[in-house]
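**Student:** Predicted model, plus sequence, below.
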Amino acid sequence: MDFAVAKGRRRMLRLTTLAIAALAGFGSEPALSQEGTELVIVTSGGTFEKALQKNFYEAFTAETGIKVHPVSASYAEQWAKARAMAESGRTEWDIVTVGIGEDAANRDLLEKLDCAGMPNVKTQAIDGACREYTLLRTIGGTVLAYNTDTFKEKAPASWADFWDVAAFPGPRAMPNYGAPYVSLAVALLADGAPLSEVRDRALDVPRAFAKLDKVKPDVSIWWKTGDQSQQAFRNGEVVMSMMWSGRAMQLQQAGQPIEVVWNNASAELSSWGILKNAPHKEAAKAFLNFFMSRPEAHLAFSSQVFWDTANRAALDKTYGSSETFMKRFENMITYDSAWLAENRSEIVTRWNDWISR
């Protein structure tokens, strides 16, 4: 990149950061720094967090002087602590990871976003990336992953195959990180429900649990983190797993005998959200605007963790066009957020009871 262009872009970002601060009543550079020199961001940790650090956190610190302090937590752990901090009046985090349906369920904890006040989001993100409370961060799926050494002659190709322990014997792994609706939706497809009856619909919970009963004896690992799902394959503890696509593809890159089945994968749309009582709220807004810039950083990030992002130029380069990506997305499970918000607590309670038995 031409030095003058790079210098100009750094200056523009700095001015954008200061402008955001000014809108909140901080009219000068020292005023922004008085908020504190750290920005606390919560993600799932591991290689994912390291890739964010390399491609976004370090660059943001270089541009603004604001140091990013990463925190690792599962979805369930994150929201439990965020709520406890809010109730105590001592919120220590700024930005959290928001999964599907979690914005509605935790809306009282989140700050409304000023999408129009984030110019990079307006010009560089795909349509719909910025919503009332969240900014779309990463796009992937919960896929069926299997050991190719185990299944050489006949390979699983659907969720029905995941349940078919006679044709595809061996221990399985399934998620248990606080989003049981993913397993419920997959169970319905395994039971023969068409995608049209699951995608963006209320889920038939009793039917799903009845199907889950049938595979439960063959599930040896109920993973809570992406690292744990990977370790189950590395240790040879499972031959098949429901797991995040990025984690499965990382194993492939590392030489593990893993194959990924995208057929009717569950869409994993993770977003950034700012906590309502965040101690460094204006710095958090500046980071979200910064995150959506620099397509080259998004491409590098995606090549390391195998998750796509909402940067339009990066998707265009990866798939030929963002529309090509959306065609694959149409074959994935997506969820009725309003239904999830209304039923999530009951589903989680029933899931926890079911999995403890």
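**Tutor:** Structure received.

**Student:** which ones are touching the nearest residue to residue 45 once chain neighbours are set aside?
**Tutor:** Of all residues not flanking residue 45 in the chain, residue 72 sits nearest, at 2.8 Å (C-beta to C-beta, 6 or more residues apart in numbering). Any C-beta I mention is one placed from the backbone N, CA and C, and that applies to glycine too. Neighbour list for residue 72: 42-46, 49 [criterion: C-beta atoms under 8 Å, 6 or more residues apart in numbering].

**Student:** Give me the subset of these lying in strands.
**Tutor:** Taking DSSP state E as the definition of strands, those contribute 42-43.

**Student:** out of the contacts of residue 72, who's nearest residue 290?
**Tutor:** residue 43 (16.1 Å; C-beta to C-beta).

**Student:** Can you verify my assumption that that closest one contacts residue 49?
**Tutor:** Yes - the criterion here is C-beta atoms under 8 Å, and residue 43 meets it with residue 49 at 5.1 Å.

**Student:** Now list whatever residues contact both of those two.
**Tutor:** Listed as contacting both residue 43 and residue 49 by C-beta under 8 Å, 6+ apart are 70, 72.

**Student:** Looking at the two, which one has more neighbours?
**Tutor:** Ranked by neighbour count (other C-beta atoms under 10 Å), residue 43 and residue 49 place residue 43 first, with 22 against 18.

**Student:** Report the contact partners of the more buried one.
**Tutor:** Here residue 43 is in contact with 49, 52, 70-72, 97 (C-beta under 8 Å, 6+ apart).

**Student:** if we go to 6 Å?
**Tutor:** 49, 97 (C-beta atoms under 6 Å, 6 or more residues apart in numbering).

**Student:** Quickly list what it is bridged to.
**Tutor:** For residue 43, the beta-bridge partners are residue 72 (DSSP bridges).

**Student:** Against residue 78, how distant is it?
**Tutor:** Separation of residue 43 from residue 78 (C-beta to C-beta, to the nearest Å): 9 Å.

**Student:** ok, now residue 184?
**Tutor:** With distances taken as C-beta to C-beta, residue 184 is found 21 Å from residue 78.

**Student:** swap in residue 38?
**Tutor:** In this view, residue 38 and residue 78 are 18 Å apart by C-beta to C-beta.

**Student:** Now stretch 184-193 - C-alpha only, PDB.
**Tutor:** Output in PDB follows, covering the C-alpha atoms of stretch 184-193 (Å, rounded to 0.1, in the frame of the first residue of the first chain):
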ATOM      1  CA  LEU A 184     -33.300 -29.600  18.600                       C
ATOM      2  CA  ALA A 185     -33.400 -28.300  15.000                       C
ATOM      3  CA  VAL A 186     -30.900 -30.800  13.800                       C
ATOM      4  CA  ALA A 187     -32.800 -33.600  15.500                       C
ATOM      5  CA  LEU A 188     -36.000 -32.600  13.700                       C
ATOM      6  CA  LEU A 189     -34.200 -32.900  10.300                       C
ATOM      7  CA  ALA A 190     -32.800 -36.300  11.400                       C
ATOM      8  CA  ASP A 191     -36.400 -37.300  12.100                       C
ATOM      9  CA  GLY A 192     -37.500 -36.500   8.600                       C
ATOM     10  CA  ALA A 193     -38.800 -33.000   8.900                       C
END
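
**Student:** Now find how far off-centre that stretch is within its chain.
**Tutor:** When distances are taken as C-alpha atoms, centre = their mean, to the nearest Å, stretch 184-193 is centred 22 Å away from the chain's centroid.

**Student:** residues making contact with that stretch?
**Tutor:** If you take C-beta under 6 Å, 6+ apart as the criterion, stretch 184-193 is touched by 159-160, 163, 198, 203, 208, 211-212, 264, 333.

**Student:** re the thing from before, of residue 38 and residue 78, who's got more company?
**Tutor:** Under the neighbour definition other C-beta under 10 Å, residue 38 and residue 78 were set side by side, and residue 78 has more, 23 against 15.

**Student:** How many residues are close by the nearest residue to that one once chain neighbours are set aside?
**Tutor:** Residue nearest to residue 78 in three dimensions, not counting chain neighbours: residue 42, with 5.3 Å by C-beta to C-beta, 6+ apart. Residue 42 is flanked by 24 other residues according to other C-beta under 10 Å.

**Student:** Can you give me every residue that contacts residue 42?
**Tutor:** Counting by C-beta under 6 Å, 6+ apart, residue 42 has contacts 71, 73, 78, 93, 96-97.

**Student:** Just give the closest residue to residue 212, not the sequence neighbours.
**Tutor:** In space, and not counting its chain neighbours, residue 212 is closest to residue 187: 5.0 Å by C-beta to C-beta, 6+ apart.

**Student:** ok, so what distance separates the one you found from residue 250?
**Tutor:** In this view, residue 187 and residue 250 are 26 Å apart by C-beta to C-beta.

**Student:** Settle it for me: which of the two has more neighbours?
**Tutor:** Neighbour count, other C-beta under 10 Å: between residue 187 and residue 250, residue 187 has more, with 27 against 22.

**Student:** C-terminal to whichever helix or strand that one is part of, which secondary structure element comes first?
**Tutor:** Element membership for residue 187, per DSSP states H and E: helix 181-190. Later in the chain than helix 181-190, the nearest helix or strand by DSSP H and E is helix 205-215.
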